[in-house]
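J.: I need the structure of the sequence given here:
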Amino acid sequence: MNYEKIEKNILEFLRDYLATSGAKGFVLGLSGGLDSAVVATLCAKIAPTHALLMPTRLSNKANLADALRLAKTLGLNYKIIDISNILESFCAANELSKQQKLRYGNLCARVRMCLLYDYSSEHALLVVGTSNKSERLLGYGTIFGDMACALNPIGELFKSEIFEFADFLGVDKAIINKAPSADLWENQSDESELGYSYKELDGALEFILKGLGNSRISKGEILSGEILSDKIPSAGILEFCKKRMKNNAFKLNTPAIAKVPRN
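T.: Predicted structure coming up:
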């Protein structure tokens, strides 16, 4: 990957989109994780960039410290909003238990996005997305939550490429080296939840995408594992990725609108 060229293209994308929109700058949720760190680093090179740090009582304190340090290093306008009370109020009203991890995690993501869009409206900013290609293809994100945004500068980069890109951009090694986590609940781990490492997942995703675009390779051959590369540990991961891609494709589509006949 030519990360120098990739950075140049992304910066042009950010600059052009901002100029067209008429907004004054960018805003994103800064978690202390890798993806938001890369996006913040890129945005800060183009225009005034704001960051909301939105922990809960269950959040990893080290992530908040990393996010705060990055915000200061990049000179971001930042604000810390503890969303615990918002979550607890909603959970009580909707009889939602924290043990219902999927629902609780989705709620966390959507509360954060609500705050980002409210902040963006107040300050005339664009909400910038931080979902990478791996997460988007696998549907590993919350629709109208962390997957919502006005624009996304890293949506075509696999997670394994984000690690390399972050190193190229000079992102803090403490952020690069930590285990990927959405930090939606205590001790949550992306790779443990998915069941595979991002390196394995990205190899499988790339293989499926290339294979489906190659008329000489049948879908049966791809999914049966008859054609494997050294990046893919087994045929099982191919089926896992294909199933997730199919089941979560709706997250990448705009809402369906009924066609209405007119005289």
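
J.: and the helix or strand where residue 106 lies, which residues are buried?
T.: In the assignment (DSSP states H and E), residue 106 maps to helix 101-123. Neighbour counts using 16 or more other C-beta atoms under 10 Å place 104-113, 115-117, 119-120 of helix 101-123 among the buried residues. C-beta coordinates here come from the backbone N, C-alpha and C atoms, glycine included.

J.: Now do it: everything it contacts.
T.: In this structure, residues lying in contact with helix 101-123 by C-beta atoms under 8 Å, 6 or more residues apart in numbering are 23-25, 27-29, 50, 52, 54, 56, 79, 81, 83, 86-87, 90-91, 96-98, 125-127, 141-142, 144-146, 148, 150, 182, 184-185, 188.

J.: so of those, which ones are in strands?
T.: Counting by DSSP state E, the contacts of helix 101-123 place 25, 27, 28, 29, 50, 52, 79, 125, 126, 127 in strands.

J.: quick one: pLDDT of residue 213?
T.: Residue 213 carries a pLDDT value of 51.

J.: And for residue 143?
T.: 96.

J.: Residue ranges in the stretch 151-263 of the chain under the pLDDT threshold?
T.: Scanning the stretch 151-263 of the chain for pLDDT under 70 picks out the ranges 212-233.

J.: all helices of the stretch 151-263 of the chain, in order?
T.: 159-169, 173-176, 190-194, 198-212, 219-224, 235-247 (DSSP state H, counting those that start in this stretch).

J.: Could you find the closest non-adjacent residue to residue 44?
T.: residue 74 (4.4 Å; C-beta to C-beta, 6 or more residues apart in numbering).

J.: count of neighbours near the one you found?
T.: 17 (other C-beta atoms under 10 Å).

J.: And the helices in the stretch 1-150 of the chain, which stretches?
T.: Under DSSP H, counting those that start in this stretch, the stretch 1-150 of the chain gives helices at 3-21, 34-43, 61-74, 84-94, 101-123, 133-138.

J.: So which of those is nearest residue 260?
T.: Nearest to residue 260 among the helices of the stretch 1-150 of the chain is helix 101-123 (28.7 Å), distances taken as C-beta to C-beta.

J.: now the closest one: mean pLDDT?
T.: 96.

J.: Give me the distance between that helix and the centre of its chain.
T.: 14 Å (C-alpha atoms, centre = their mean, to the nearest Å).

J.: ok and that helix relative to helix 84-94, angle-wise?
T.: Here helix 101-123 runs at 120 degrees with respect to helix 84-94, directions being taken by axes from the mean of the first three to the mean of the last three C-alpha atoms, to 10 degrees.

J.: then helix 101-123 to CSV, C-alphas only?
T.: Extracted in CSV, the C-alpha atoms of helix 101-123 (Å, rounded to 0.1, in the frame of the first residue of the first chain):
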residue,chain,number,x,y,z
LYS,A,101,-25.2,-6.7,25.6
LEU,A,102,-26.2,-6.3,22.0
ARG,A,103,-29.1,-4.0,22.7
TYR,A,104,-27.1,-2.1,25.3
GLY,A,105,-24.1,-1.7,22.9
ASN,A,106,-26.4,-0.5,20.1
LEU,A,107,-27.9,2.0,22.5
CYS,A,108,-24.5,3.3,23.5
ALA,A,109,-23.5,3.8,19.8
ARG,A,110,-26.8,5.6,19.0
VAL,A,111,-26.6,7.9,22.0
ARG,A,112,-23.1,8.9,21.0
MET,A,113,-24.2,9.6,17.5
CYS,A,114,-27.2,11.7,18.7
LEU,A,115,-24.8,13.8,20.7
LEU,A,116,-22.4,14.2,17.7
TYR,A,117,-25.2,15.3,15.4
ASP,A,118,-26.6,17.8,18.0
TYR,A,119,-23.1,19.2,18.5
SER,A,120,-22.5,19.4,14.7
SER,A,121,-25.8,21.3,14.3
GLU,A,122,-24.8,23.8,17.0
HIS,A,123,-21.3,24.5,15.6
